[in-house]
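J.: have a look at this prediction, sequence included:
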Amino acid sequence: SFSSDEVIRKRLLIDGDGAGDDRRINLLVKSFIKWCHSGSQEEGYVQYQRMLSTLSQCEFSMGKTLLVYDMNLREMENYEKIYKDIENSIAAAHEKISECKKQILQAKRIRKNRQEYDALAKVIQHHPDRHETLK
């Protein structure tokens, strides 16, 4: 009463990434059983060769999976390094921003002082200088 979708889903779950490992193992078991029950030497040799071929396919698949796993580990390390670099860049940018804010505050203070000096200078200009006052 299984639908074909459920069968495919179960096979994919059993098979993992869909590399056909479960099928290869089933073939290997069948080849082994045929090899055990083989009558002639030629038939036994053919089954033996089939088993060797299936085993080499399994080894190849396992090697490929290990290479992909190692590659994924290296990629994770690479991403962690990039993440740390980005974090350091963000921290440096925050420091630069706070330094710029301090410089802005200082520049505003200097500008305010200059404006006050200019205003005082204008007021002073309206009054006579000391020489005139003493006369």
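T.: Now that the structure is in, tell me what you want to look at. What you see is a predicted model, and the numbers here were worked out from it, not measured in a lab.
J.: which residues in the chain form helices?
T.: 4-15, 21-36, 41-126, 130-134 (DSSP state H).
J.: for the ones you listed, give me JSON lines that also has mean pLDDT and mean neighbour count.
T.: For every residue, glycine as well, the C-beta is placed using N, CA and C. Output for the helices of the chain, formatted as JSON lines (pLDDT from 0 to 100; neighbours: other C-beta atoms under 10 Å):
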{"stretch": "helix 4-15", "mean pLDDT": "68", "mean neighbour count": "10"}
{"stretch": "helix 21-36", "mean pLDDT": "80", "mean neighbour count": "15"}
{"stretch": "helix 41-126", "mean pLDDT": "93", "mean neighbour count": "11"}
{"stretch": "helix 130-134", "mean pLDDT": "80", "mean neighbour count": "8"}
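J.: from R50, how far off is V29?
T.: Distance from V29 to R50, counting by C-beta to C-beta, to the nearest Å: 12 Å.
J.: go on, A121?
T.: With the distance defined as C-beta to C-beta, A121 ends up 104 Å from R50.
J.: give me the residue at the spatial middle of this protein.
T.: Centrality entry for the chain: nearest residue to the mean C-alpha point is Y79, 3.7 Å, by C-alpha atoms, centre = their mean.
J.: show me what contacts that residue?
T.: Y79 makes no contacts at all, as judged by C-beta atoms under 8 Å, 6 or more residues apart in numbering.
J.: quick check, S38 in contact with M51.
T.: No: taking contacts as C-beta atoms under 8 Å, S38 lies outside contact range of M51: 11.3 Å.
J.: overlap in contacts, those two.
T.: Taking C-beta under 8 Å, 6+ apart as the contact rule, S38 and M51 touch no residue in common.
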